[in-house]
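In: Just the structure for this:
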Amino acid sequence: MPPHPAHNAHDVLMFRCPYGKYDHVHKLLDTAFVKIFGEDHRKILHDADAVNVIRQQLGYDASVVAMHHIFMDSPTRHVDSEAMNGRLVLKKQKR
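Out: Have a look, this model is predicted:
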């Protein structure tokens, strides 16, 4: 699980944005839950539903950042090629 500075650095490289521009997205996905659940925090807000809520509330760009955040935290996830009803579908890859 990368720390917040790594997520922010990834944003700079991937989205060519100022460092910390999307820190609010990373904090939304992690802050309270990491303190309570540790690495198990990924079971909360680290799924397609969370990405869709972020898209509705914060916009498309923030939802893409959230998706990258989830992939960095859980590299065994991928986006299903058959998104249903325009929704992002995150699933665990079969090994």
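In: can you pull out the helices in this structure?
Out: Taking DSSP state H, the helices of the chain run over residues 4-15, 23-37, 48-58, 60-73.
In: quick one: residue 13 and residue 7, what's the gap?
Out: Distance, residue 13 to residue 7, by CB to CB, to the nearest Å: 11 Å. C-beta here means a position set from N, CA and C on the backbone, and glycine is covered the same way.
In: Those two: which has the busier surroundings?
Out: Taking other CB atoms under 10 Å, residue 13 and residue 7 do not tie; residue 7 has more neighbours (23 against 8).
In: pretty sure that one contacts residue 71?
Out: No - using CB atoms under 8 Å, residue 7 is not in contact with residue 71; the gap is 10.8 Å.
In: Can you report how many residues neighbour residue 66?
Out: For residue 66, using other CB under 10 Å, the count is 25.
In: nearest residue to it other than its sequence neighbours?
Out: residue 54 (4.7 Å; CB to CB, 6 or more residues apart in numbering).
In: residue contacts, that neighbour?
Out: The contact partners of residue 54, by CB atoms under 8 Å, 6 or more residues apart in numbering, come to 25, 28, 62-63, 66.
In: Neighbour-wise, which one of those leads?
Out: residue 66 (25 neighbours).
In: my read: residue 15 touches residue 67, true?
Out: No - contact criterion CB under 8 Å: residue 15 and residue 67 do not qualify, at 11.8 Å.
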